[in-house]
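Asks: Here is a sequence together with a model predicted from it:
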Amino acid sequence: MGSMKYRLAIFDFDGTLSDSYPWFVGAVNEVADRYRFRRVEPHDLETLRGYEARRIIEHLGMPMWKMPLVARHMRRRMAGDIGRISLFPGAGAMLRTLSERGVTPAIVTSNSAENVRRVLGESAALVRHFGCGAGVFGKRAKLRKVLRAAAVPPAEAICIGDEIRDLHAAHAEKIAFGAVSWGYTTLDALAAHSPEETFTTIDEIAEKLTGAPPDLVRNDSP
């Protein structure tokens, strides 16, 4: 692959850059009791990691009209626990490597701008475009807005994430999708929907997107 196939890398946040899955598992049953949907039992977790968002919502017995309320509550609750959530190791260095080698980092997420910036810390300065607060199925419009703001055609952008709904949103906008192995959804479940790229480590993102040799990427890591 040519060293600069993509000029814009649009990242999902939770489960892709931010290690928030353990927090989510801890919070979800308190929210389930409050909004009266099914609790997630420990034996359900691995099964749910193979499901698309709509199937998860059906499994939990949550009516669609409750989704915005639950999402807003989760964002507020996360804001209170933000000190317990951090970036995956190497994520900041990877964003810096992309930025230095001519790939513009962007973020499109259902999470709030405040939560995202607080977890990113100093790395927030590396992200050129933010599309935050997207509805669970509202990422297409945010992706389109980021493409316009970056003035990059879809063919020169890649969306990188850990959920099947993100892959569908990217493909609907004719943007390539890079699936990560460490997020909310299993890589097998994502691979079934034909992502253009797969990443099994954070370092691999910078290697594949910039053509930088692995030792150079790792030397850049703090």
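Replies: Received it, and whenever you're ready, just let me know what you need. Residues are numbered from 1 along each chain as shown.
Asks: And residue 7, how close does it get to residue 178?
Replies: Noted for residue 7: a distance of 14 Å to residue 178, by CB to CB, to the nearest Å. Where you see a C-beta, it was placed from the backbone N, CA and C, and this is true even at glycine.
Asks: Just want to know which of these two has more residues nearby.
Replies: residue 178 (25 against 17; other CB atoms under 10 Å).
Asks: Check which helices and strands the helix or strand harbouring the more buried one is in contact with.
Replies: For residue 178, the host element (DSSP states H and E) is strand 176-180. Applying 3 or more CB pairs under 8 Å, 6 or more residues apart in numbering; DSSP states H and E, one finds that strand 176-180 makes contact with strand 157-161, helix 164-172, helix 187-191, strand 197-199, helix 202-210.
Asks: could you redo the last one with a cut-off of 7 Å?
Replies: strand 157-161, helix 164-172, helix 187-191, strand 197-199 (3 or more CB pairs under 7 Å, 6 or more residues apart in numbering; DSSP states H and E).
Asks: in the third one, what's buried?
Replies: This points to helix 187-191. For helix 187-191, the neighbour count (16 or more other CB atoms under 10 Å) marks 187, 190 as buried.
Asks: Kindly state the domain boundaries assigned to this protein.
Replies: 8-19+86-220, 21-84 (automatic domain parsing).
Asks: from the middle of its chain, how far away would the shortest one be?
Replies: Just to be clear, that refers to domain 21-84. 16 Å (CA atoms, centre = their mean, to the nearest Å).
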